[in-house]
Structure formats: C-alpha cells, structure tokens
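Participant: build the 3D model from these lines:
(one chain, ligands or ions: 2)
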Amino acid sequence: MAVDVKKYDLDRENTWCPGCGNFAIMEVFKNTLADMGFSPHEVLVVAGIGQAGKMPQHFRVNTMHVLHGRLLPVATGASLADHRLKVIAVGGDGDGYAEGGNHLIHAARRNIDVTYLVHNNMIYGLTKGQASPTSGLGARTPTTPGGNPLAGLNPIQLVLGLNTGFVARAYAGDKKQLGKILEKAIQKQGFAFIDILQPCPSFNKINTFKWFNDRVYDINEEGHDPGNLVEAFRAAGEWGERIPTGIFYEEKEERPGFREALLGSLDRPLVEEELNPLAIKEIMEEHL
Ligand SMILES: Cc1ncc(C[n+]2csc(CCOP(=O)(O)OP(=O)(O)O)c2C)c(N)n1
Ligand code: SF4
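Facilitator: Ligands and ions are numbered 1, 2, ... in the order given. Below you'll find the predicted structure:
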C-alpha cells in the first residue's frame, strides 16, 4: 500500500542550480518509493560524491555518503548485512564510470541486490564542468580546451556486457517514463542499472533539455522486446539524431544473487548474528 510521500520531507537547503535535471529525478525517486509502499526507514540510499550524490541529503531516508566512486562496495556490504533493507546506490557519471568503474564491473558480475542510478550529465558537475567518460567527442571543457579527443563511453552496452539482469536508460525530462522504469528496477531481485540522462544547465551547454527533447524516444513503445539481449546491444549502439531510452534488457528468470551465492538460504540477517570477539581473536592469532 502506498505511503504518504510527505514522510520523506526534510526541511534543508538545496544548493543545486535552478533548472538542474537532478530536481526531477529526486521528485520521481521519492514519489516512486512512496507509491511502492516503502517507508523511509526501509530504504538505504548509498551515495557517491558529486551533485548527484547529494540527492539523499535533501530528503528523509537512511543514507551513507561515501568516498568518490566507492558507493557500490558500500552498498554491497549493506545489502549483505541486512537484506531486509531496500538498498539503492546513487551517483554521477564521473563517480560511476571513471573513479568507480572497476566497482561497477564487479557489482554487476556478483549480481548484488542493489538498484543503481547514475545521473548522467556527461560532465563533472560538482567540480565545475570537466570532461567525464560520457562527454562527447569534441566537447570543450576546462580539461579538454581543444575539444574532447575521445568518444563518450556507452554505459548501456558496457553494462549489458556484464551479464546484468536489468538495464535501462531514462531521461530527467520524462518523469512518467522514469517512474515506470524505476519501479521495475526497484522490484528486481539482484543488480538493476539505470543510466539517467540529466541535463546540467550550468556546465553542459551542449546536452541541454532541448537537445535531448529533440532526440529521445522510447524503444519499448517502438516494439523493443526487453527479453532479447542481442537486440538490446544493437539498440544501445544508437546515439545521435535519435537517442533510445527505456528498458533495454530484463532477464526472464531471476538468478541467485551474491548473498545467496555466499551465504546460502540464510534467512536471518547478518546484522542480527552475535559477534564473538574471542573467536575473532583466535583467528587473528592463528594468522600472526
Ligand atoms: C578520490 C576523489 N577524486 C576526485 C574528487 C573530486 N571530485 C569530486 S566530485 C567529482 C566528479 C563529479 O562528477 P560526477 O560524478 O559526474 O557527478 P556530478 O557532480 O556531475 O553529479 C570529482 C572528480 C574527489 N572528491 N575524490
Ligand atoms: S552544476 Fe550542473 S549538475 Fe550540479 S547542480 Fe548545477 S546544474 Fe545541477
């Protein structure tokens, strides 16, 4: 049953720039959790460093704001320690695809039970506009004054290649679609990945709301079958005059997650296990 979204309210100053795509993502995020019946105490949002990572500071929810790029290892630990929590990781494209790229590979491979949202503004927002791994070829930024010599990384194809059970792209300018995708990702048992196109009006003057509005379309509305991995790869290769959004891939059958693979069918959360410091001492002495 839905809970009142006001439960998530927190009276705290928000320092995001007016017109930032993060506002729409945050609104949809809170509404979706409330509509799905989650109370704030049942959710943990692990956030990286960056403008995107500030999101859970702006509403009432359990949160951990961790080192740049290190949100997925912390989210892995939290979901192993207490599987009753709905663990959601939130960060930017710099956080997730540059500094944290290695962790993305292993979180996907392990099929950790975490929903991962990347606010992809194709730039480092918090540090004032340097190029990120998704900045486009030729983009002029303080770190690429002569134009970016590299083509942007394709996060959808990358994550599809990591045997991820749920892979989607949403857009901050389409709240309805974002809400639908988010709900499905949160329902998924195992690793669920959403790259969210998020205009940064202050530092990314190329990939604006208008730029995206002229290009985005919904692949599912155009008949894409999310059960078809080969077709998902093909669709994810498109980026230019038209930019596909929607659910690229959703596995048909759930696989065992990392917790099950590691701990078997342990119903009791690890946080409720009693710690025995003496046993730890014995193990440490054995290895000294
Ligand atoms: C280990 C480490 N390296 C670099 C930084 C500096 N830093 C802070 S945020 C950031 C990038 C932010 O870009 P992104 O992750 O895309 O998030 P956005 O601010 O655009 O939402 C960087 C490089 C840091 N805080 N820690
Ligand atoms: S710098 Fe960009 S990403 Fe950061 S708050 Fe401002 S508009 Fe948003």
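Participant: up against ligand 2, what does the stretch 51-200 of the chain have?
Facilitator: Residues of the stretch 51-200 of the chain lying close to ligand 2 by C-beta under 6 Å from any ligand atom are Gln51, Asn121, Gly125, Cys200. Every C-beta, even on glycine, is put in place using the N, C-alpha and C of the backbone.
Participant: distance of the third one from Gln51?
Facilitator: What it means is Gly125. 4 Å (C-beta to C-beta, to the nearest Å).
Participant: give the residues shared as contacts by these two.
Facilitator: Gly92, Cys200 (C-beta atoms under 8 Å, 6 or more residues apart in numbering).
Participant: quick one: the helices in the stretch 51-200 of the chain?
Facilitator: 71-81, 93, 101-110, 155-160, 175-187 (DSSP state H, counting those that start in this stretch).
Participant: ok, and for the last one, which residues are buried?
Facilitator: By neighbour count with 16 or more other C-beta atoms under 10 Å, helix 175-187 contains the buried residues Gln177, Leu178, Gly179, Lys180, Ile181, Leu182, Lys184, Ala185, Ile186.
Participant: what's next to that helix, contact-wise?
Facilitator: Helix 175-187 is contacted by residues 24-25, 27-29, 31-33, 35-36, 86, 88, 115, 117, 166, 168, 170-172, 192-194, 196, 218, 245-247, 250 when judged by C-beta under 8 Å, 6+ apart.
Participant: how about stretch 126-135: buried residues?
Facilitator: The neighbour-count check on stretch 126-135 (16+ other C-beta under 10 Å) flags Leu126, Gly129, Ala131, Ser132, Pro133, Thr134, Ser135 as buried.
Participant: and the contacts of it?
Facilitator: 49-51, 92-94, 97-98, 101, 120-124, 139, 141-144, 148, 150, 152-153, 155, 202-204.
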